[in-house]
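The sequence isn't on hand, but the structure is:
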């Protein structure tokens with residue numbers, strides 16, 4: 001079973017505007033409301049690919065109830081912990097202004113609520129996959145990902161981590177199966193600018209030296225790179241297509257990689273599935289379907 005954890009899920013209010021002006025009333029021409037958060041996005045694409053999974057994390061208030069309702073409507077399982085106070089955040093994403101969004105804070109998570117999540121995770125078994133993805137609320141320590149991996153060491157669980165800075169660096173000593181920084185996040189770690197696929201390879205290997213088994217680097221329009229634990233390096237230029245919505249593309253890549261690995265235990269296949277899933281979501285108004293992913297997979301270089 002695959003489990004995803006989203007510490008700070010959201011309702012993503014995705015809007016399209018006919019121009020945006022400060023100091024006046026702006027009206028939307030299109031709008032969508034979707035459950036958001038990196039772990040939930042991973043779960044959605046896994047579900048679309050036919051991979052059973054359960055979404056874990058924290059929800060709060062009326063927005064949290066709506067997140068849970070939407071998740072169940074999509075079709076995958078969820079077992080969120082409801083916090084006593086606050087409400088799950090609403091993230092406003094301006095579709096016509098790439099990368100422009102306003103993200104909420106999210107609820108305060110109490111110590112005893114965090115401990116409830118740890119108790120749930122202790123029931124994972126050998127062969128399970130655990131995906132830790134995204135940011136955490138300010139009420140949690142930035143060691144929380146590391147604390148989880150430390151608690152579950154030795155159980156034969158495959159850990160996948162998609163996070164930035166300390167959240168990512170702190171887990172490396174526990175040898176996660178897969179990490180997925182993008183080229184900007186990877187460059188930030190080492191204080192360098194990485195623009196080409198070739199340039200990310202030595203820095204991905206540095207993260208392997210720190211403990212990561214496989215390093216998957218997403219690079220938007222430049223494609224992606226996988227530095228695998230068996231010594232192989234895979235590079236793939238970005239497939240041709242029209243960018244429609246970049247939200248969730250990186251999460252889709254993670255889901256595609258996991259699905260590909262579970263299907264064949266082949267890094268080549270998992271990498272191609274990851275690239276196909278990430279690109280398919282970028283070319284779609286919603287997160288990618290199995291059919292959309294398969295079409296792009298068949299176009300990719302072998």
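Looks like it arrived, so ask away. Keep in mind the model is a prediction, meaning the values are calculated, not measured.

dump the residue contacts of residue 109.
Residues near residue 109 by C-beta atoms under 8 Å, 6 or more residues apart in numbering: 7, 58, 83, 137, 139, 140. (C-beta placed from N, C-alpha, C; glycine too.)

try 10 Å this time
Under the criterion of C-beta atoms under 10 Å, 6 or more residues apart in numbering, the neighbours of residue 109 are 7-8, 57-58, 60, 81, 83-86, 116-117, 136-140, 144.

Now, those that are in strands?
Counting by DSSP state E, the part of these found in strands is 57, 58, 81.

Can you give me the separation between the second one and residue 80?
Computed as C-beta to C-beta, to the nearest Å, the residue 58 to residue 80 distance reads 6 Å.

for residue 116, same thing?
Distance from residue 116 to residue 80, by C-beta to C-beta: 10 Å.

Give me the more crowded residue out of those two.
Looking at residue 116 and residue 80 with other C-beta atoms under 10 Å, you find the greater number of neighbours at residue 80, namely 21 against 14.

Which residue is the nearest non-sequential neighbour of that one?
residue 59 (4.4 Å; C-beta to C-beta, 6 or more residues apart in numbering).

Kindly provide the distance from the one you found to residue 131.
From residue 59 across to residue 131, the span is 18 Å (C-beta to C-beta).

Tell me which of the two has more neighbours.
residue 131 (29 against 24).

That one bridge partners, please.
Beta bridges link residue 131 to residue 4, residue 160 when assigned by DSSP bridges.

So it is in contact with residue 45, correct?
No. The criterion here is C-beta atoms under 10 Å, and residue 131 misses it with residue 45 at 11.1 Å.

which neighbours do those two share?
Residues touching both residue 131 and residue 45 by C-beta under 10 Å, 6+ apart: 53, 251, 254, 255, 258.

Now, of those, which are buried?
Buried by 16 or more other C-beta atoms under 10 Å: 53, 251, 254, 255, 258, out of the shared contacts of residue 131 and residue 45.

Residue 61: neighbouring residues, count only.
Neighbours of residue 61 using other C-beta under 10 Å come to 16.

same check, this time on residue 134
25.

quick one: contacts for it?
Here residue 134 is in contact with 4-10, 36-42, 57, 162-164, 167, 251 (C-beta under 10 Å, 6+ apart).

Among these, name the ones in helices.
38, 39, 40, 41, 42, 167, 251 (DSSP state H).

Could I get the full set of strands for the stretch 101-250 of the chain?
Using DSSP state E, counting those that start in this stretch, the strands of the stretch 101-250 of the chain run over residues 101-102, 129-133, 158-162, 178-179, 214-218, 224-227, 233-236.

so can I have TSV of these showing distance to residue 247 and mean pLDDT?
Converted to TSV, the strands of the stretch 101-250 of the chain look like this (distance: least, C-beta to C-beta, whole Å; pLDDT from 0 to 100):
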stretch	distance to residue 247	mean pLDDT
strand 101-102	8	88
strand 129-133	14	97
strand 158-162	14	96
strand 178-179	21	98
strand 214-218	14	97
strand 224-227	18	97
strand 233-236	21	95
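
List the buried residues in stretch 196-212.
Those buried within stretch 196-212 under the rule 16+ other C-beta under 10 Å are 197, 199, 200, 201, 203, 204, 207, 208, 212.

sorry, back to before: residue 288: which of the buried ones among the shared contacts of residue 131 and residue 45 is nearest?
Closest approach to residue 288 among these (C-beta to C-beta): residue 255, at 8.7 Å.

can I assume residue 42 is in contact with residue 248?
Yes. The pair residue 42 / residue 248 is scored as a contact, 8.9 Å apart, by C-beta under 10 Å.
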